[in-house]
Each structure stands twice: as structure tokens, then as C-alpha cells.
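Undergrad: Predicted coordinates and the sequence they were generated for:
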Amino acid sequence: MIIELNEKESVNLTFSEGSVKVAVYGGDYLVKWYSEDGQIGEMMVKDFHWGAYPHNDLINEWSIELWKPDGSEMVLRQKLSIPNANILIIFNFQNPMGKIPIYPIIDYCRSIMERGANPYVFFHGSESFDLERYGITPLRFNQDMSIGFSHIIEKDIDGSVY
């Protein structure tokens, strides 16, 4: 998500590829990362650079704070919330039998739904499954993707469990 701070400065916050990333354009900022468990870390992020902390594919609420380089003033606080969030889960599994471990996928998505989020899933063949009856939206070809995802998670599933 790109956030314009002013006419010349912006930040791009992403929750994907195993990290919560902050890219800064137009200025330098002290960036602080917080999860549900408290402060994770902080670092100085220079103009046209990025900083990141791993989220270990855990779906947590995160807050990102941008401060002036000397730490004197907070410029932005952005929260990545779970309730009502659209979360994309990309499932990876290896299965020599060719079967899809659908029940572990449904169980994982239910755990996300219990936190109030809307799970969207993608795995090889996901368009063939009627998961909507479980409250899960599989990605399909030509689907409108303008909904946006607050979190993108890659999840490995044991392909031998059905």
C-alpha cells in the first residue's frame, strides 16, 4: 500500500514474501515495527531504500511508525489490522499421489476467519474447488483483483494429509 506523506515523499508498506517491508521515497525516516507482541525493531530507512522484519507467515496485527530521523516527531502510524482484512494465502504442497490436501487448507482458513478476516486462497487447481460454502474465496481466472490484500501469506501444507 502506497501512502503519500506530502507532495514529494511517500512510503510503500507491504506484507508479503515473509516480511513486513517499508520502502521510503523522498526522505529519510526512523521506522519502527510493532506486532501484537510489542515492538519488533526499528531502523533508519534512507531515501529510495527499504527495511523489513520477518513475519514468519504469522497473521498478526502490525503497526508501522515513521519518525523524523532524530526521533523527535512521529510522521505516520499505519496499522495493518486483521478484522475485515482480505488475506491472500498461497498454499504450497508436494504430493506424489496428485491429491490436494483440501481439509488442512479449509482448517487453516477457518483459523483466519475466527480472527475476523476474509481468506482468499490460491493453489494449483484452486479454481476447481467450491470453497465459498466454507467462507473461503479461491482465486479464479479473470477475477477482479481490485479488492486489495492487507496480507499475502505463503503457507506450506503437508501434501500427504487429505
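TA: Okay, I see it.

Undergrad: quick one, domains of the protein?
TA: 2-80, 86-156 (automatic domain parsing).

Undergrad: Same list (those) but as JSON lines, adding mean neighbour count and mean pLDDT.
TA: (Each C-beta comes from the backbone N, C-alpha and C, glycine too.) Shown next, in JSON lines, are the domains of the chain (neighbours: other CB atoms under 10 Å; pLDDT from 0 to 100):
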{"stretch": "domain 2-80", "mean neighbour count": "15", "mean pLDDT": "91"}
{"stretch": "domain 86-156", "mean neighbour count": "15", "mean pLDDT": "87"}
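
Undergrad: nearest residue to Glu65 other than its sequence neighbours?
TA: Leaving aside its sequence neighbours, Glu65 sits nearest to Lys32 (CB to CB, 6 or more residues apart in numbering; 4.3 Å).

Undergrad: doesn't Val45 make contact with that neighbour?
TA: No. The pair Lys32 / Val45 is not scored as a contact, 10.5 Å apart, by CB atoms under 8 Å.
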